[in-house]
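K.L.:
take a look and give me a structure for this.
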Amino acid sequence: MRRWAPARVHKLSWIAAAPLSVAYAGILAARSAWWERYAHIPPLPTVSVGNLTIGGNGKTPFTLFLATRLRQCGLRAGIVSRGYGGQASRNARLVSDGQHIVMTPREAGDEPVMMAKSFDGPLAVARRRIDAIELLAANALADAVVLDDGFQHVRLRRDVNLLLINKSLGLGNGWLLPVGPLREPKSAIRRADALVLVESFAAAGSSIDFSARDIMRPDLVLRARLQPSTLTYSENGNWREAPLLLDRRQVVAVSGVANSAGFHTMIGALGAKLLRTLDYPDHYDYSPGDWENILAAAQQAEMVITTEKDLVKLERFASPEIPLYALRLRVSMEAVDERQLLTLIMERISRAISTAEPRASGIQGGNY
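P.N.:
Predicted coordinates:
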């Protein structure tokens with residue numbers, strides 16, 4: 001994501017777009033006020049993970065990290081996603097029961113399938129996310145759900161609202177789209193129960209200090225780190241891991257993400273020599289012709305490096321001609337921050353189950 005300062009926008013264009021930003025703010029305010037009164041109450045305790053800006057903030061890796069940790073604590077946690085880019089998200093569908101993935105990236109969207117590859121719990125998608133939660137509840141597949149990219153989904157009540165902010169990018173110029181990067185006004189931070197400042201591996205040491213005026217509402221401010229852990233490759237549809245050894249390796253980078261520059265920076269920071277970069281639109285659906293172009297670009301390279309969400313769409317083309325790897329990203333937190341986060345969530349979920357009989361499905365004991 002760009003740093004979004006007015007200087008980067010032509011002055012006349014910025015002036016022309018400013019009224020659109022103001023109008024957008026009015027629409028969001030009316031929408032939030034309506035759904036604050038009439039929001040759907042999900043049948044399972046719900047933890048929402050989201051952000052305030054466009055671009056990469058690590059919300060999908062954080063969703064996977066959190067759902068996995070909750071399962072390790074003894075909670076049967078599932079994941080619910082909107083399924084962006086998928087063709088079958090109008091009705092609730094089960095992407096995976098934790099054992100078998102039954103939808104393709106074209107059907108479910110790339111990010112749900114990507115998460116399902118690494119998650120041992122159920123994952124469902126639906127355009128109306130309440131429908132996906134009801135699907136998990138009706139089939140007794142989960143005790144609680146983690147909602148991916150759910151901060152703006154105000155039509156659904158949640159028990160914990162987590163807001164992620166990229167530590168190095170902050171809130172940009174503070175303007176709403178299309179003038180700035182904000183999906184909502186800064187005042188929306190007040191809805192968060194906890195703020196998680198995410199530091200990216202490639203941006204270590206570059207940060208923005210948030211004042212009390214910026215933070216406004218959440219009493220709990222935590223820190224997380226998003227960093228590459230291994231290389232991932234596909235073997236007969238199953239993902240395997242390889243050591244993260246890129247120093248002085250000649251690579252071609254392929255990505256269809258919102259922040260391709262950040263992806264390139266991360267590869268360079270790992271010591272690889274980028275021969276060429278091929279950037280596609282976010283959630284891009286690769287064709288055989290695209291793969292031929294990638295092979296042609298990689299003739300002098302030792303490997304092709306892509307993202308995990310691109311690997312789920314490119315793995316069907318993988319051939320012996322050139323190794324295809326994805327950079328696997330992992331979220332980590334300091335023990336004290338993780339303990340505070342899990343304590344908040346488990347307390348809220350326990351309270352929700354004890355006070356709402358139709359929701360109750362039991363929580364197994366666990367250490368966190």
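K.L.:
just checking, residue 332 touches residue 201?
P.N.:
No: proximity of residue 332 to residue 201 does not meet the contact threshold set by C-beta atoms under 8 Å, at 10.4 Å. Where you see a C-beta, it was placed from the backbone N, CA and C, and this is true even at glycine.
K.L.:
between these two, which one's more packed in?
P.N.:
The neighbour comparison of residue 332 against residue 201 (other C-beta atoms under 10 Å) goes to residue 201, with 17 against 12.
K.L.:
isn't the more buried one up against residue 224?
P.N.:
No: applying C-beta under 8 Å, one finds residue 201 not in contact with residue 224, separated by 11.8 Å.
K.L.:
about what we covered before: between residue 332 and residue 201, what contacts are shared?
P.N.:
225, 227 (C-beta atoms under 8 Å, 6 or more residues apart in numbering).
K.L.:
so who does the residue nearest the centre of the chain touch?
P.N.:
Nearest residue to the geometric centre of the chain (C-alpha atoms, centre = their mean): residue 60, 2.0 Å. Residue 60 makes contact with 111, 114-115, 148-149, 309 under the criterion C-beta under 8 Å, 6+ apart.
K.L.:
now residue 39
P.N.:
Residue 39 sits in contact with 154-157, where contact means C-beta under 8 Å, 6+ apart.
K.L.:
repeat for residue 349
P.N.:
45, 47, 75, 143-144, 159-160, 363.
K.L.:
residue 153 now?
P.N.:
By C-beta under 8 Å, 6+ apart, residue 153 lies in contact with 48, 50, 82, 129, 147.
K.L.:
could you rerun that using 7 Å?
P.N.:
By C-beta atoms under 7 Å, 6 or more residues apart in numbering, the residues touching residue 153 are 129, 147.
K.L.:
next, give phi and psi for it.
P.N.:
Note on residue 153: backbone dihedrals following degrees, to the nearest 10 are phi -80, psi 70.
K.L.:
could you do residue 311 as well?
P.N.:
phi -60, psi -40.
K.L.:
mean confidence score for stretch 77-90?
P.N.:
In this model, stretch 77-90 has a mean pLDDT of 85.
K.L.:
show me what counts as buried in it.
P.N.:
77-86, 88-89 (16 or more other C-beta atoms under 10 Å).
K.L.:
quick one on the thing from earlier: any chance of the contacts of residue 39 in a markdown table with secondary structure as columns?
P.N.:
Below are the contacts of residue 39 laid out as a markdown table (DSSP: H, G, I helix; E, B strand; the rest coil):
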| residue | secondary structure |
| --- | --- |
| 154 | coil |
| 155 | coil |
| 156 | strand |
| 157 | coil |
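K.L.:
narrow those residues to those that are buried.
P.N.:
Using 16+ other C-beta under 10 Å, the buried members of the contacts of residue 39 are 154-156.
K.L.:
just the closest of the residues you listed to residue 166, please.
P.N.:
Closest approach between the buried ones among the contacts of residue 39 and residue 166, by C-beta to C-beta: residue 154, at 21.9 Å.
K.L.:
quick one: that closest one and residue 79, what's the gap?
P.N.:
20 Å (C-beta to C-beta, to the nearest Å).
K.L.:
returning to what we had before: which members of the buried residues of stretch 77-90 occur in strands, if any?
P.N.:
77-81 (DSSP state E).
K.L.:
which pair of those spans the longest distance?
P.N.:
77 and 81 (13.6 Å).
K.L.:
which residues does residue 260 contact?
P.N.:
Residue 260 neighbours (C-beta under 7 Å, 6+ apart): residue 279.
K.L.:
go again with 10 Å.
P.N.:
56, 253-254, 277-282, 307 (C-beta atoms under 10 Å, 6 or more residues apart in numbering).
K.L.:
hmm, back to that, can you put the contacts of residue 39 in a markdown table and add distance to residue 301?
P.N.:
Output for the contacts of residue 39, formatted as a markdown table (distance: C-beta to C-beta, whole Å):
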| residue | distance to residue 301 |
| --- | --- |
| 154 | 45 |
| 155 | 46 |
| 156 | 45 |
| 157 | 49 |
